[in-house]
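> sequence and computational prediction follow.
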There are 2 protein chains.
Amino acid sequence: MIIDCHGHYTTEPKDLHRFRKEQTEAANAKDKSRMPPRSALKLPDDEIRESIENNQLRLQRERGTDLTIFSPRASGMGHHIGDESVSVEWSQICNDLIARVVSLYPKNFVGVCQLPQSPGVPPKNSAAELERCVKMGFVGCNLNPDPSGGYFNAPPMTDKWWYPLYEKMVELDVPCMIHVSGCCNPAQHTTGSYYLNADTMVFMQVILSDLFKDFPTLKFIIPHGGGAVPFHWGRFRGIALNNGRPELDQIMADNIFFDTCVYHQPGIDLLTSVVPADNILFASEMVGAVKGNDPKTGFGFDDTKRYIDKTRLSDADKAKIFEGNAYRVYPRLKAQIARQAA
Amino acid sequence: MIIDCHGHYTTEPKDLHRFRKEQTEAANAKDKSRMPPRSALKLPDDEIRESIENNQLRLQRERGTDLTIFSPRASGMGHHIGDESVSVEWSQICNDLIARVVSLYPKNFVGVCQLPQSPGVPPKNSAAELERCVKMGFVGCNLNPDPSGGYFNAPPMTDKWWYPLYEKMVELDVPCMIHVSGCCNPAQHTTGSYYLNADTMVFMQVILSDLFKDFPTLKFIIPHGGGAVPFHWGRFRGIALNNGRPELDQIMADNIFFDTCVYHQPGIDLLTSVVPADNILFASEMVGAVKGNDPKTGFGFDDTKRYIDKTRLSDADKAKIFEGNAYRVYPRLKAQIARQAA
């Protein structure tokens, strides 16, 4: 089985966008009376089916992958929009929609949730929604290190501010994917620089910290190939060693994992040559940041399975990346797959 | 001749640090009467000589490089400290110190200046210091895309806010190295994530813009190997193509250059395999971000010449990276080298 650990529902039914637009306008106007009612949302099964079958499911079949760990559109989380109550309402709606996709295609998708974070609001306030989603069968969450939407002004993820949420993650035995949302800072481009910068930032925060001594079973998936880290492996190794820390692979161990959302062969070759295969998870982020075919190869930029197939990794290492590691990183995954197959 | 385009004076005489500490304290206290007088600075030739000969000059000799394009300590620019007047005073002092190093070792160093930027202050206010330094023989400047020191809240570098400074750069025929300074944001680590994030951010800003149509001779050196860009070359290519832009090498052309401050062999191999050799400048950033030897190789992490020597590049391409490109990127360099040799 080939498990893609990073897919977002980026082809949502159109009424979801209508709702969010009205919700955003009401939030910006600070006028609660204009908030659209959740009950008026029109998200019929047929529209969900069409959106999935023509996109994610078609690509799974074409590319030969089997299962996508699926979460709401990352750029749509918009934690900087409105206040905590807006974020709670929006997160519940988006997560419920993922649950419906999973219930329609239980062999193709397993759910991961977004959290109702909001700038300045303690992360522990997201624990309830995480617990609700895990009860629905979700196996992880996306955790935003920058709810401001582009200004990186939250405490580092090693700060005790985040600890109550980590405690809940550990209790529920679910990992998080570190993932910012849409950028409202004109200096940073959402998918081009902001996503990668957040990945790099968080890796650097944790490698000089004792976070994983405090939470030995906590797991961070740092997506987009770990941001800039593999390319600058020597820089990060050197900084770690100069600070009395061990080698990066020892730091990553059972706690930090990179995905394979790197959209060209030399990048995947680098990733798989410096980062231990035990710490890499197959992912494509489809349908996501870079749509369309690479004119030089004729294949989708985000058809990352092809790049991994072409690496010099052993079959055993490829199997870890495509499947085996996912069961380590998402401890609830194997049972959930069995449950959904039944 | 092997030209290292990225060296900072990070071994400054100790009285410079005493001055800056007092200046910072006075600035933080908003008490101009406590500002230390420039005239009291003690920066004797002997101390400068010792600091250079035991460090940068020793490493040049050991590693077989000839000339370093040399600027003040990047993390020390501290544009977020104090107001514009503090930044002007500090920049003049730091740049004058570079001029003294160059005058003591005219065959080994050519100067690049820092600019008296300050949060919210128009970049055009830095034109005077740039002009003063070019008159002293400097061949370029370091331009900070984030004077806030870590919050990325300045207008993108494609914004017309920056244009008057670009006009001065074009008039003087000098490039800039995009370089942030020390980070005051606890979420970002100065040399580990902040530097790289700024590089990635600025590359993404410019590739979707018409900046180089407006300034066909303007040149940006994006250091640290271009941040995350080469590792994510497919992502950036795809985003550019999806936005109706040409291939990245056509965008970079005569305007965007990456340096070789990437501290391991696989990283340099990737850089040189995806980025045209015409757009790469040799650099080590020594004595800089990552000190000490890599225990796996026994050589300095930042001994980047060794990595380039070991690439599969042709001798002609290596010659471009080590020397030839520098004359294209720094149009005043060749004459300045001749002048200093005389």
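That came through fine.
> end-to-end on stretch A:165-184?
End-to-end distance of stretch A:165-184 (CA to CA, to the nearest Å): 25 Å.
> same question for stretch A:281-291.
Note: stretch A:281-291 ends 21 Å apart using CA to CA.
> in it, what's buried?
Buried residues in stretch A:281-291, defined by neighbour count with 16 or more other CB atoms under 10 Å in any protein chain shown: A:281-290. Just so you know, the C-beta spots here come from the backbone N, C-alpha and C atoms, and that holds for glycine as well.
> adding secondary structure, write those residues out as JSON lines.
Below are the buried residues of stretch A:281-291 laid out as JSON lines (DSSP: H, G, I helix; E, B strand; the rest coil):
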{"residue": "A:281", "secondary structure": "strand"}
{"residue": "A:282", "secondary structure": "coil"}
{"residue": "A:283", "secondary structure": "coil"}
{"residue": "A:284", "secondary structure": "coil"}
{"residue": "A:285", "secondary structure": "coil"}
{"residue": "A:286", "secondary structure": "coil"}
{"residue": "A:287", "secondary structure": "coil"}
{"residue": "A:288", "secondary structure": "coil"}
{"residue": "A:289", "secondary structure": "coil"}
{"residue": "A:290", "secondary structure": "coil"}
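> spell out which residues of the stretch 201-342 of chain A are next to chain B.
Neighbours of chain B within the stretch 201-342 of chain A, by CB under 8 Å from any CB of the partner chain: A:201, A:203-205, A:208, A:224-225, A:227-228, A:230-239, A:241-242, A:262-264, A:266-267, A:269-271, A:273-274, A:289-292, A:294-295, A:301.
> what's the average pLDDT for stretch A:81-100?
For stretch A:81-100, the mean pLDDT works out to 98.
> any idea how far it is from the chain center?
Averaging C-alpha positions (CA atoms, centre = their mean, to the nearest Å) puts stretch A:81-100 16 Å from its chain's average.
> ranges for the helices of the stretch 1-150 of chain A?
Remark: helices assigned in the stretch 1-150 of chain A by DSSP state H, counting those that start in this stretch are A:14-28, A:45-53, A:56-63, A:84-104, A:127-135.
> now mean neighbour count and distance to chain B too, for the ones you listed, in a markdown table please.
Formatted as a markdown table, those follow (neighbours: other CB atoms under 10 Å in any protein chain shown; distance: least, CB to the nearest CB, whole Å):
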| stretch | mean neighbour count | distance to chain B |
| --- | --- | --- |
| helix A:14-28 | 16 | 20 |
| helix A:45-53 | 15 | 20 |
| helix A:56-63 | 17 | 15 |
| helix A:84-104 | 19 | 20 |
| helix A:127-135 | 18 | 22 |
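> so for residue B:24, which of those helices sits nearest?
Residue B:24 lies closest to helix A:84-104 among the helices of the stretch 1-150 of chain A, at 37.5 Å (CB to CB).
> tell me which other helices or strands that closest one touches.
Contacts defined by 3 or more CB pairs under 8 Å, 6 or more residues apart in numbering or on different chains; DSSP states H and E place helix A:84-104 against strand A:3-9, helix A:14-28, helix A:45-53, strand A:67-72, strand A:109-111, helix A:127-135.
> contacts for the third one?
This points to helix A:45-53. A:11-14, A:97, A:100-101, A:104-105 (CB atoms under 8 Å, 6 or more residues apart in numbering or on different chains).
> max pairwise distance over the residues you listed: which two?
A:14 and A:105 (20.0 Å).
> give the contact list for the residue of the stretch 101-250 of chain A found nearest chain B.
Chain B sits closest to residue A:234 of the stretch 101-250 of chain A, with a gap of 3.1 Å, by CB to the nearest CB. By CB under 8 Å, 6+ apart, the contact list for residue A:234 reads B:262-264, B:267, B:290, B:294, B:301.
> which parts of chain A are strands?
Secondary structure of chain A (DSSP state E): strands at A:3-9, A:67-72, A:109-111, A:141-143, A:176-178, A:220-222, A:256-259, A:280-281.
> rebuild those as CSV, extending it with distance to residue A:323 and mean pLDDT.
CSV is the format used below for the strands of chain A (distance: least, CB to CB, whole Å; pLDDT from 0 to 100):
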stretch, distance to residue A:323, mean pLDDT
strand A:3-9, 5, 98
strand A:67-72, 9, 98
strand A:109-111, 13, 98
strand A:141-143, 21, 98
strand A:176-178, 18, 98
strand A:220-222, 15, 98
strand A:256-259, 14, 98
strand A:280-281, 10, 98
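> reformat these as JSON lines; add distance to residue B:133.
As requested, the strands of chain A are exported to JSON lines (distance: least, CB to CB, whole Å):
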{"stretch": "strand A:3-9", "distance to residue B:133": "47"}
{"stretch": "strand A:67-72", "distance to residue B:133": "51"}
{"stretch": "strand A:109-111", "distance to residue B:133": "58"}
{"stretch": "strand A:141-143", "distance to residue B:133": "45"}
{"stretch": "strand A:176-178", "distance to residue B:133": "41"}
{"stretch": "strand A:220-222", "distance to residue B:133": "41"}
{"stretch": "strand A:256-259", "distance to residue B:133": "42"}
{"stretch": "strand A:280-281", "distance to residue B:133": "47"}
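> distance of the residue nearest to residue A:32 when sequence neighbours are not counted relative to residue A:78?
Among residues not flanking residue A:32 along the chain, residue A:26 sits closest, at 7.0 Å (CB to CB, 6 or more residues apart in numbering or on different chains). As judged by CB to CB, to the nearest Å, residue A:26 and residue A:78 stand 14 Å apart.
> repeat that for residue A:216.
Counting by CB to CB, the gap from residue A:216 to residue A:78 is 33 Å.
> swap in residue A:88?
For residue A:88, the distance to residue A:78 - CB to CB - is 13 Å.
> from residue A:305, how far off is the residue nearest the centre of chain A?
The structure's chain A has its C-alpha centroid closest to residue A:177; by CA atoms, centre = their mean the separation is 4.3 Å. According to CB to CB, residue A:177 stands 19 Å off from residue A:305.
> next one: residue A:281
In terms of CB to CB, residue A:281 sits 13 Å off from residue A:305.
> got the contact list for the residue nearest to the residue nearest to the centre of chain A when sequence neighbours are not counted?
Closest residue in space to residue A:177, ignoring its immediate chain neighbours: residue A:221 at 4.3 Å, by CB to CB, 6+ apart. Residues near residue A:221 by CB under 8 Å, 6+ apart: A:5-6, A:140, A:175-178, A:257-259, A:281, A:329.
> ok, and the most crowded of those?
In terms of neighbour count, residue A:5 stands highest of the contacts of residue A:221 at 31 neighbours, by other CB atoms under 10 Å in any protein chain shown.
> looking at it, that one is touching residue A:323, isn't it?
No: applying CB atoms under 8 Å, one finds residue A:5 not in contact with residue A:323, separated by 10.3 Å.
> wait, residue A:235 sits on residue B:262?
Yes: the criterion here is CB under 8 Å, and residue A:235 meets it with residue B:262 at 7.4 Å.
> who touches both of those two?
Common contacts of residue A:235 and residue B:262 (CB under 8 Å, 6+ apart): residue B:224.
> what about the helices in the stretch 201-342 of chain A?
A:211-214, A:233-242, A:248-252, A:265-274, A:304-310, A:315-319, A:325-329, A:333-341.
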